[in-house]
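Student: This is a predicted model, with the sequence first.
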Amino acid sequence: MYSLIKPTNQRIQKFIAIQHHRSFSYPEIGATKNTPPPNYIVDHNRVQLGLGAETFARAKTAIQHWAMFDFDWVQLSWPETIIEVGSTVAIMTRAFGIWSVNACRIVYVIEENGAVEKFGFAYGTLPDHVGRGEERFTVEWYHKDDTVWYDLLAFSQPNQLPSKIAYGFMRSQQKRFAVASLQAMVRAVSQ
């Protein structure tokens, strides 16, 4: 959804409600669990958050509160959304005086124990998203060396005419998001 004025909460809620019942905009649902599919751009970014159980606990809480979206040029609607399969959120950004609202739905949730403990989820794009693909947000605790990491994996391609025309800008925004997301998680865990 595009708008010249900032969408109201009511308009965003209506948009999310409509998108919630629509199918994903790509066929490879859940592909971030393993190897991303061919014919997509793949972005994989990681940052070490610290060491040990306490860091991992703070990192899990940060994911549960969508802290990876806590920066000034993105607004998540709504950050109190529970991390569970089927939850739908909207991500709002503004560029060149135009507001863009994009919908995603949680595809799967990860909670693994063992030599590497993992927590997180992946969401996939819905039809009225500028891109098409999936993004996984996880925190990982490697018991062997006690390190805790934030891992961001995405595969995407343009979905709408504006993103196809301005593909270079779309890619720059995706890269900008990855950097900001890693920084937001470092801040959230270090507090």
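Tutor: Here it is on my side, so go on.
Student: buried sites along stretch 70-88?
Tutor: The neighbour-count criterion (16 or more other C-beta atoms under 10 Å) identifies 70-71, 74-77, 81, 83, 87-88 as the buried residues of stretch 70-88. All C-beta atoms are positioned from the backbone trio N, CA, C, and that covers glycine.
Student: Could you look up the SS state of the residue most central in space within the chain?
Tutor: In the chain, the centroid-proximal residue (C-alpha atoms, centre = their mean) is Glu135; its distance is 5.3 Å. Of the three states, Glu135 takes strand according to DSSP: H, G, I helix; E, B strand; the rest coil.
Student: before we move on, which element is the residue nearest to it when sequence neighbours are not counted in?
Tutor: What sits nearest to Glu135 in space, not counting adjacent residues and going by C-beta to C-beta, 6 or more residues apart in numbering, is Ala154, at 4.0 Å. Under the criterion of DSSP states H and E, Ala154 resides in strand 147-158.
Student: So which elements touch that strand?
Tutor: Contacting strand 147-158 under the criterion 3 or more C-beta pairs under 8 Å, 6 or more residues apart in numbering; DSSP states H and E are the following elements: strand 41-51, helix 52-64, strand 131-142, helix 167-190.
Student: from these, which stretch is densest packed?
Tutor: The highest average neighbour count among the helices and strands packed on strand 147-158, using mean count of other C-beta atoms under 10 Å, belongs to strand 131-142 at a mean of 23.
Student: returning to that earlier point: distance of the residue nearest to Glu135 relative to Ala57?
Tutor: 26 Å (C-beta to C-beta, to the nearest Å).
Student: and what of Ala115?
Tutor: Counting by C-beta to C-beta, the gap from Ala115 to Ala57 is 18 Å.
Student: ditto for Glu134
Tutor: Taking C-beta to C-beta, one finds Glu134 at 27 Å from Ala57.
Student: got a list of what the residue nearest to the centre of the chain touches?
Tutor: Counting by C-beta atoms under 8 Å, 6 or more residues apart in numbering, Glu135 touches 32, 104, 122-124, 152-154, 156.
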